[in-house]
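Asker: After the sequence you'll find the predicted model.
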There are 2 protein chains.
Amino acid sequence: DRVEDIIPEGHIAHYDLNKLHSTSEAALNKEQVLILTPMQTFHQQYWDNLLQLTYPRELLNLGFIVPRTQSGDVALAKLEEAVKKVQTDKKNQRFAKITILRQDTKSFDKLMEKERHALEVQKERRAAMALARNELLFSTIGPHTSWVLWLDADIVETPSSLIQDMTAHNKPVLAANVYQRYFDEEKKESAIRAYDFNNWAESDTGLELAAQMADDEIIVEGYSELATYRPLMAHYYDANGSPSAEMALDGVGGGCTLVQADVHRDGAMFPSFPFYHLIETEGFAKMAKRLNYEVYGLPNYLVYHIEEWND
Amino acid sequence: DRVEDIIPEGHIAHYDLNKLHSTSEAALNKEQVLILTPMQTFHQQYWDNLLQLTYPRELLNLGFIVPRTQSGDVALAKLEEAVKKVQTDKKNQRFAKITILRQDTKSFDKLMEKERHALEVQKERRAAMALARNELLFSTIGPHTSWVLWLDADIVETPSSLIQDMTAHNKPVLAANVYQRYFDEEKKESAIRAYDFNNWAESDTGLELAAQMADDEIIVEGYSELATYRPLMAHYYDANGSPSAEMALDGVGGGCTLVQADVHRDGAMFPSFPFYHLIETEGFAKMAKRLNYEVYGLPNYLVYHIEEWND
Ligand SMILES: Nc1nc2c(ncn2[C@@H]2O[C@H](COP(=O)(O)OP(=O)(O)O)[C@@H](O)[C@H]2O)c(=O)[nH]1
Ligand SMILES: Nc1nc2c(ncn2[C@@H]2O[C@H](COP(=O)(O)OP(=O)(O)O)[C@@H](O)[C@H]2O)c(=O)[nH]1
Ligand SMILES: [Mn+2]
Ligand SMILES: [Mn+2]
């Protein structure tokens, strides 16, 4: 037989989704993890942090989606260089697969120019982000994927055991607590502060607000215009508490959130339209709950967002 | 370089989603079509019909999801035999790729045993079907997919130019009219009748019904318990009309429905929970509309469902 007469690999593919597991011993069970990152800016610190993760690389698939903007062009060039380096380096240090997508739907540069109320702009940004996340998810998740780790491109510091630590909880959806290092000018020392307010539990006030809203209005957390009094995970960090403490959530951010692949495969995506008055990652959490999955966060497990003025 | 030192194909993959098109000249533009079929029973007529489609096979990907039931076991064995035959036959007659999934979520055999009101059973069936369709979709759609054709396993007769005909309309979502051939015992001749009532346009009565419903209630079309007075595409067939006549729809079935891949990539999936009081394929149509896509049907373009007592 000549090579082209043999059925190419993948020409017929069989998968038993029932035998695909997401367990608390992911690495031991050789579970494939897909790390997904929407990327407007390439930060070297993000990449260095990614490279120091100790989860076996042959079980890691990476997926990126880069916007069609000038900043996207720059990010893409840097990302491609970084990717090429690691994927042509020692074979046992390569990732199983890396997919880079150029975004089809509209990106933010345009939106940023608009002189509009910040909350209004936020709605459009979040809707556009939802589309980008869906494009990325639908294009990269495969029948072999056990876990999806949503990791934003500006998350620059995580424990190296991030994936082992988070999969060990074996939760359908699990968000790390996104903090930020900064220099406290008064105390003249470096300090940390809460960054991501999208990880929250529902409150009575939040529910009442939603009930009074018009069908197509949305709540985005973290705006004083809409005080929801929702318990925000960012405020539950306890430096002396156990890093494995769990907290039930109703909304999550996309900064560093682990998802059992079955949750996505059952249909949980990022709504770009109001879904129970929520969109994007917060709408995703609600959708996961409508699919009967539990959503949790790790208040004492910190990962760090870049300081914007510092890069 | 030894083979294993070269970056394996697909190790780094680049796709510009903006350069991926779904156009009215799909075959000419070499657009990849993914045919997705949830399959409880393997009908030889379905397979024969599939094989007579004239869209270039090297642009066709097939995806099947088979339930974990006894009937699923039988279907799987027959499907595998059929697939093996075509994929090992002449190279230029092979499909680009065929993926067979064994379903993870619950299947119907169990549900059928329940002594429950038919409409209630239908809700559970439809919810389970939604999960099966999502598992199949998320596992097979890739960054190269231009079109997704949902084709049920009991659709046994379509024009051989089905894909060319339907893509030519270049609509985000487009449903063919599913009819059924049967033997008219009175007239002693073979005849046709409407089969699928899930292709419909919204009505005032339908909207009023929905408005009065509890949040988690659903409307499934085609039950006299819930008269919606919705215009059903099945009733708009005109034997003398143009086969390319279009009709705007709000709900679709999954029998033979073509979708631009971008619609799915933007997040449109099959809700297994009530979405505007709709689920599964009908909920999908609503979701496509929430994503600002138009939904159409072809009332005079007939495809045929198997006659159940006849197989
Ligand atoms: N693909 C894509 N990614 C984007 C776009 N805008 C921002 N991002 C990325 O999406 C993630 C979250 O965006 P960011 O602006 O940091 O949001 P914030 O930190 O929540 O205010 C980051 O990884 C960004 O690099 C965009 O238009 N397209
Ligand atoms: N994967 C899967 N497919 C199924 C299941 N039940 C039915 N199907 C398939 O789904 C499609 C629609 O189901 P069917 O019972 O024909 O629905 P109807 O014709 O609309 O009443 C057909 O292709 C069936 O073979 C199931 O439990 N799992
Ligand atoms: Mn950020
Ligand atoms: Mn059927």
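Answerer: The structure has been received and is ready for your questions. Ligands and ions are numbered 1, 2, ... in the order given.
Asker: Every contact and neighbour count from this point should use C-alpha atoms.
Answerer: Will do.
Asker: Pretty sure A:Q87 sits against A:F95.
Answerer: Yes: A:Q87 sits in contact with A:F95 when judged by CA atoms under 8 Å, with a separation of 6.8 Å.
Asker: Nearest spatial neighbour of the residue in the stretch 151-300 of chain A that ligand 2 sits nearest to, chain-adjacent residues omitted?
Answerer: Using CA to the nearest ligand atom, A:D266 is the residue of the stretch 151-300 of chain A that sits closest to ligand 2, at 12.9 Å. Distances taken as CA to CA, 6 or more residues apart in numbering or on different chains place B:L131 nearest to A:D266, at 5.2 Å, with adjacent residues excluded.
Asker: and the angle from the helix or strand hosting that neighbour to helix A:118-140?
Answerer: Secondary structure assignment for B:L131, by DSSP states H and E: helix B:118-140. Comparing the axes of helix B:118-140 and helix A:118-140 via axes from the mean of the first three to the mean of the last three CA atoms, to 10 degrees yields an angle of 80 degrees.
Asker: what's helix B:118-140 in contact with?
Answerer: A:138, A:141-143, A:264-267, B:36, B:38, B:63-65, B:99, B:101, B:103, B:105-108, B:111-112, B:114, B:218, B:220, B:223, B:269-273, B:279-281 (CA atoms under 8 Å, 6 or more residues apart in numbering or on different chains).
Asker: For the stretch 1-150 of chain A, what lies in contact range of chain B?
Answerer: Counting by CA under 8 Å from any CA of the partner chain, the stretch 1-150 of chain A comes close to chain B at A:5-7, A:10-18, A:87-88, A:91, A:96-105, A:131-132, A:134-135, A:138-143.
Asker: And the strands in the stretch 101-250 of chain A, which stretches?
Answerer: A:145-151, A:155-157, A:173-184, A:189-194, A:247-248 (DSSP state E, counting those that start in this stretch).
Asker: Quick one: check the following helix or strand past the shortest one for contact with chain B.
Answerer: Yep, that's strand A:247-248 we're talking about. Later in the chain than strand A:247-248, the nearest helix or strand by DSSP H and E is strand A:256-260. No: looking at strand A:256-260 against chain B by CA under 8 Å from any CA, there are no contacts, and the closest approach is 13.2 Å.
Asker: and strand A:256-260 with strand A:173-184, angle?
Answerer: If you take the same axes, to 10 degrees, strand A:256-260 sits at 170 degrees to strand A:173-184.
Asker: re the thing from before, of the strands of the stretch 101-250 of chain A, which approaches A:Y293 most closely?
Answerer: With distances scored as CA to CA, the stretch of those nearest to A:Y293 is strand A:173-184 (7.8 Å).
Asker: list the buried ones in that closest one?
Answerer: Within strand A:173-184, the residues that qualify as buried are A:V173, A:L174, A:A175, A:A176, A:N177, A:V178, A:Y179, A:Q180, A:R181, A:Y182, counting by 16 or more other CA atoms under 10 Å in any protein chain shown.
Asker: For those, work out which two are farthest apart.
Answerer: Spatial extent of the buried residues of strand A:173-184 (CA to CA) is set by the pair A:V173 and A:Y182 at 28.7 Å.
Asker: right, and A:Y46 touches A:L151 too?
Answerer: No: at 9.5 Å, A:Y46 and A:L151 do not qualify as touching, with contact defined as CA under 8 Å.
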